[in-house]
Structure formats: structure tokens, C-alpha cells
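**Student:** Below are the sequence and a predicted model for it; my questions follow.
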Amino acid sequence: MSKKIVVIPGDGIGQEITDSAVAVLKKVSDKYNLNLEFESHPAGGTAYDLCGTPLPQTTLEAAQNADAVLFGAVGGPKWDNVEPTLRPEKAVLGLRKGLGLYANLRPIKVADALVEYSPLKEEIVKGTDVLIVRELIGGIYFGDKCESEIYEGNERAWDLENYSVPEVNRIVEFAMQASKKRKNKVTSVDKSNVLATSRLWRRTTAKVAEKYPEITLENLYVDNCAMQLAINPSQFDVIVTGNLFGDILSDEAAVLSGSIGMLPSASIGESTSLYEPIHGSAPDIAGKGIANPLATILSAAMLLRYSLDEQEAATCIEQAVDKALAQGYRTPDLYKEGFIKADTKTMTEAVLNNI
Ligand code: NAI
Ligand code: MG
């Protein structure tokens, strides 16, 4: 039976980079007999121009009925004056909600060929391969809030952090399963010395971990984790944490690699999951054919790994990317003298040739 991949290119460089990733998926599909089918749908500003809404119902329904979604990026200055509820970025939130995307995955792996781009010393960053698993639809971002109230004569506002046992179970289970295919270590990050929600998080995590004796569970306070990521990032395998801490730690971890054109992500849903590069639509270089397609190509590898359980094909793509970098291909965002200057097409060809 064929597997349906819905491709949502979006705006800016979205079309160029998803075209590259689809070409790579087609090649591995042939090699491993994956029988993938592709269907493209608009979203973002492009969809707003076409049909007056950033997330057409047909796009959402196609995504809900797909085996997986490959997303480019949305947004750009062209839509700066569109009314807030119809802005391109609303497409991302609508998909998150419509697909129930409860876990955000950010692997931060620094290719040996790119250690020199890191703001950290080469000997510190070398070997870094961490997967951050962030809870995405709970916690303080989704709790009760008050924009403004007068309390004892003073204006105040508040946001309520809350987590339930089933929410924590689901995300920690995911982290444990992911770690089983990696290095069998999970670091749970909280602030249980201060927060009640963190104490529930820690108790629940310990219970889940009992089912996984082969996995080492470590607990870290978020402030310590932030330091450890900068001091010794290669100590981590899987980091699992709540929405707020995960938002901050995943951006911190992203800069360790020094090249945002390289970083993929996945957002996991109950039935359909979505894969996208962490960068945006890069309007400044859109249409020039020079965007780095590797973050999207690596997102396609995650799609194979997490949605289709095609580990071999996923690894094949990751190795083809590493090899293209080792061969010296560099898009302009990473170009330095002595390397092979590659536009989007040349870089994509290099990856295809390594498959
Ligand atoms: P951005 O990530 O689009 O660009 C930041 C800088 O990095 C730019 O100089 C850009 O040229 C460069 N860059 C990004 N991706 C690249 C790639 N693949 N290859 C080479 N260079 C690359 O972030 P920015 O400028 O803050 O946002 C632009 C638009 O993207 C905004 O409308 C923003 O809202 C949207 N955005 C959308 C996201 C999404 O769809 N999930 C995520 C982040 C931003
Ligand atoms: Mg963020």
C-alpha cells in the first residue's frame, strides 16, 4: 500500500526547499521500495492570496488524512499588513491544533564537517547529538491567563502552569521510545525545587522510567541544563521537558550548531505528524535558488524515521547529507574559501548522488 505525504511548501524559500526534499524522498523511495505518494497544498501568505485564508480547510483535511506532512515555512513582509487573525503564521498554529501535535522534536547534531561554525570550541561541540523532546500543547502557554486585573489596588496579570499525569506520561513515553533507538539515556528537565507542576512531572517520569530498565534516567533543573548544554553538550542523548523550558532550551541548543540552515524538526501528533526545518521563509533570498535545502532534507529523513518507521532509509539520507558536506559542498550561508560553492540545485544533486 502506498503512503501519502502531504507537502505544504508555504512561502518564500518554502517551494525551493520542499522541492529538494521531495526529490530526495523519491530517490530513497525507489531505492527501498517505499511506495511514497506526494500531494501538494497551499498554506501561509500564498494561500491567503489564493483563497483569503492562511490555512484552507482542504489543506488541513489533506494533512489530517495523510501519513505525514512535510512543511516548508510561511510568512514574509508581503503580508505584514494583513489583519492579525489571517496572518501567514496562523497556518502553523492551525496545523498544530488541527493535528494535535503534542511533541516537538529538535535533534541537534553537529556534522564533523561543520564543527568550525559552532560558537563553542571544536573540542566541546564535537560529537554533539542530542534530541530535545518538548511538550507542545500544554503547560503555561495553554493554561488559564488573565491579561489584566486589579488586585488589592494594583494591576496584575497571570499565567497558570498546569500539567496532568496523562500529558506527562505521553511525552515521557515518547522520549523513552526515542532513546531506545539512540543511546539509552533520558534527561528530564524541570524546576522541581520550586514548582508543583515540576514535582508532578518528576514523579510521573520516574514511574514511566520503571518500565525501561535499560534506559538511564537523569533529572536536571532547567537552569543547570542550560549551563550544561553550553559546557558539555555531548553528555546528552534525549532531553525531555515541558513547553516553556523546551522552547528556551531548543533555541539555545540550535545555536550550538552555528548554522540554522541545517536543523530539522518534527512535531508529533496522535495520528499524523509534521516535519519542517527550524528556519523561516527567508524572504531575503527567496526565488534566488541559493537556499540551503539540508534542514528540509533532514526533516524528510525524520519523517521516514518517526512516521513510517523506515530507519534504514532515514539513515541513508542522513549519511548522504554528511557525505555531501564532507565532499566540500557548501551553500552560500555556509560558504568559505576552499570549498565548493553550491546553489540549492547543486547541493540537492550532491545529496542525490550519495544515495
Ligand atoms: P528566517 O529563518 O526566515 O531567516 C533568518 C536568516 O537566515 C535570513 O537571513 C535568511 O536568509 C537565513 N536563512 C534561513 N533559512 C535559510 C536557508 N535554508 N538557507 C540559507 N539561509 C537561510 O527568519 P526570519 O527572517 O526571522 O523570518 C522570515 C519569515 O519567516 C517571517 O515571516 C517569520 O514569521 C517566518 N517564520 C516562519 C516559520 C515557520 O514557518 N515555521 C519559523 C520562523 C520564521
Ligand atoms: Mg522559540
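**Tutor:** Nice, thanks for sending it over. Numbers count the residues shown, from 1 in each chain. Ligands and ions are numbered 1, 2, ... in the order given.
**Student:** Which element, helix or strand, includes the one residue sitting closest to the centre of the chain?
**Tutor:** Closest residue to the average C-alpha location of the chain: Ser265 at 1.8 Å, with CA atoms, centre = their mean. For Ser265, the host element (DSSP states H and E) is strand 264-269.
**Student:** Quick check: what element follows that strand along the chain?
**Tutor:** As assigned by DSSP H and E, the chain's next helix or strand after strand 264-269 is strand 274-277.
**Student:** Just the local confidence number for Arg96, please.
**Tutor:** pLDDT recorded at Arg96 is 91.
**Student:** typed the wrong thing, it's Asp223
**Tutor:** 98.
**Student:** Ok, Val110 next?
**Tutor:** On the pLDDT scale, Val110 gets 86.
**Student:** Tell me how many other residues surround the nearest residue to Glu116 once chain neighbours are set aside.
**Tutor:** Nearest non-adjacent residue to Glu116, counting by CB to CB, 6 or more residues apart in numbering: Glu122, 6.5 Å away. The C-beta positions use only the backbone N, C-alpha and C, and glycine is treated the same way. The number of residues packed near Glu122 is 11, by other CB atoms under 10 Å.
**Student:** Same question for Glu218.
**Tutor:** For Glu218, the count of nearby residues is 14 (other CB under 10 Å).
**Student:** what about it, which helix or strand?
**Tutor:** Under the criterion of DSSP H and E, Glu218 resides in strand 216-221.
**Student:** Can you tell me which helices and strands that strand packs against?
**Tutor:** On a contact count with 3 or more CB pairs under 8 Å, 6 or more residues apart in numbering; DSSP states H and E, strand 216-221 meets strand 185-190, helix 196-210.
**Student:** Need these in CSV (columns: mean neighbour count, mean pLDDT and distance to ligand 2).
**Tutor:** Output for the helices and strands packed on strand 216-221, formatted as CSV (neighbours: other CB atoms under 10 Å; pLDDT from 0 to 100; distance: least, CB to the ion, whole Å):
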stretch, mean neighbour count, mean pLDDT, distance to ligand 2
strand 185-190, 24, 98, 16
helix 196-210, 17, 98, 20
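**Student:** now for those, which one comes closest to Glu161?
**Tutor:** Nearest to Glu161 among those is helix 196-210 (5.0 Å), distances taken as CB to CB.
**Student:** got the angle for that closest one vs strand 185-190?
**Tutor:** Angle of helix 196-210 versus strand 185-190, following axes from the mean of the first three to the mean of the last three CA atoms, to 10 degrees, is 160 degrees.
**Student:** Now whatever residue of the stretch 101-250 of the chain ends up closest to ligand 2. Nearest residue, chain neighbours left out?
**Tutor:** Using CB to the ion, Asp247 is the residue of the stretch 101-250 of the chain that sits closest to ligand 2, at 4.6 Å. Spatial nearest neighbour of Asp247, chain neighbours left out: Arg134 (6.8 Å); criterion: CB to CB, 6+ apart.
**Student:** That neighbour touches Leu244, doesn't it?
**Tutor:** No. Using CB atoms under 8 Å, Arg134 is not in contact with Leu244, being 9.2 Å away.
**Student:** Which residue of the two possesses the greater neighbour count?
**Tutor:** Regarding Arg134 and Leu244, a neighbour count based on other CB under 10 Å identifies Arg134 as having more, with 26 against 17.
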